[in-house]
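A.B. asks: Structure here, sequence nowhere to be found:
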């Protein structure tokens, strides 16, 4: 029996914020744009503060875009990632 070859598509992810700097306890919207060469991605994007250490929350993909608004960031710089 021959097995079909399956090639996984590697998605591309872009991450933006609604403001480059945010005052303490002000809301900021995180936006992840996910694309793939084989179609529009679906599912959920989880946003993290730090290198996958502290989850901030998740947003559902709609037309390849997921957003999350947070107001819980502490003082200092943050490295936000989306998975």
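C.D. replies: Arrived safely. Note that the structure is a prediction, hence the values are computed from the model and not measured.
A.B. asks: Could you list the low-pLDDT ranges of the protein?
C.D. replies: Low-confidence regions of the chain, defined by pLDDT under 70, span residues 1, 51-52.
A.B. asks: Just give me how far the helix or strand encompassing residue 33 sits from the chain centre.
C.D. replies: Using DSSP states H and E, the element containing residue 33 is strand 28-35. In terms of Cα atoms, centre = their mean, to the nearest Å, the centre of strand 28-35 is set 5 Å apart from its chain centre.
A.B. asks: again with stretch 34-53
C.D. replies: Counting by Cα atoms, centre = their mean, stretch 34-53 comes out at 5 Å from the chain centroid.
A.B. asks: who's in contact with the closest residue in space to residue 72 that isn't next to it in sequence?
C.D. replies: What sits nearest to residue 72 in space, not counting adjacent residues and going by Cβ to Cβ, 6 or more residues apart in numbering, is residue 56, at 7.3 Å. Any C-beta I mention is one placed from the backbone N, CA and C, and that applies to glycine too. By Cβ atoms under 8 Å, 6 or more residues apart in numbering, the contact list for residue 56 reads 30, 47-49, 68, 70, 72, 80.
A.B. asks: now with 10 Å?
C.D. replies: Taking Cβ atoms under 10 Å, 6 or more residues apart in numbering as the contact definition, residue 56 lies against 30, 46-50, 68-70, 72-73, 78, 80-82.
A.B. asks: Check which residues of whatever helix or strand it lives in are buried.
C.D. replies: Using DSSP H and E, residue 56 falls within strand 54-60. Using 16 or more other Cβ atoms under 10 Å as the test for burial, strand 54-60 gives 56, 59.
A.B. asks: Thank you, goodbye.
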